[in-house]
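Asks: Generate coordinates for the sequence data below:
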Amino acid sequence: MTDVEVERTIAAAPEKVWALVSDVTRMGEWSPETVGCEWVGDPKEPVIGARFKGRNQSGWRKWSTVCTVVEAAAGKSFVFDVKAGPFDISRWEYAFEPADGGTRVTESWTERRPKLMELMSRPIMGISDRASHNRATMQATLERLAAAAERADA
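Replies: From the prediction side, this is the model:
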């Protein structure tokens, strides 16, 4: 079950927007919380099974996660699961659909942390209401993504 879902129409082709999102090394440009990502091992590209490390920050608090791509259909979808150590944390999904004047991008986040870990992460990350926090950062992410995608040089 999706906990948070936001969408925005971006004036660019689905393939272009997908290429920006699936280049995880650029995620720090869009996300207010993710400061950077890097591919781990091979392959170093957005294909099923590829892994990447995400570095995140909220205020002075920092943490990292390991993500695994579970769906990657160019111009259509990009989905990855997030783990911290042995724990499932979340699933992030991006869906891309042709829309009048460009692409409708839907970003979804599904909470997967065990309840105890969810409670423990509040003081670690400094975020008491993860769903509300994610809704705000996801909206900002799509705004920044749109600004980049709608530039001719992106």
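Asks: isn't there a helix covering E15?
Replies: Yes. E15 forms part of a helix when assessed by DSSP: H, G, I helix; E, B strand; the rest coil.
Asks: Quick check: it touching G75?
Replies: Yes. Using Cβ atoms under 8 Å, E15 is in contact with G75, at 4.1 Å. Where you see a C-beta, it was placed from the backbone N, CA and C, and this is true even at glycine.
Asks: Those two: which has the busier surroundings?
Replies: G75 (17 against 12; other Cβ atoms under 10 Å).
Asks: for that one, what are its contacts?
Replies: Counting by Cβ atoms under 8 Å, 6 or more residues apart in numbering, G75 touches 13-15, 18, 96.
Asks: G28 too?
Replies: G28 touches 34-37, 55, counting by Cβ under 8 Å, 6+ apart.
Asks: Pick out whichever of those sits closest to S90.
Replies: For the contacts of G28, the residue nearest S90 by Cβ to Cβ is T34; the value is 12.3 Å.
Asks: how far away is the residue nearest to the closest one when sequence neighbours are not counted from C67?
Replies: Of all residues not flanking T34 in the chain, M27 sits nearest, at 4.8 Å (Cβ to Cβ, 6 or more residues apart in numbering). Note on M27: its distance to C67, by Cβ to Cβ, to the nearest Å, is 10 Å.
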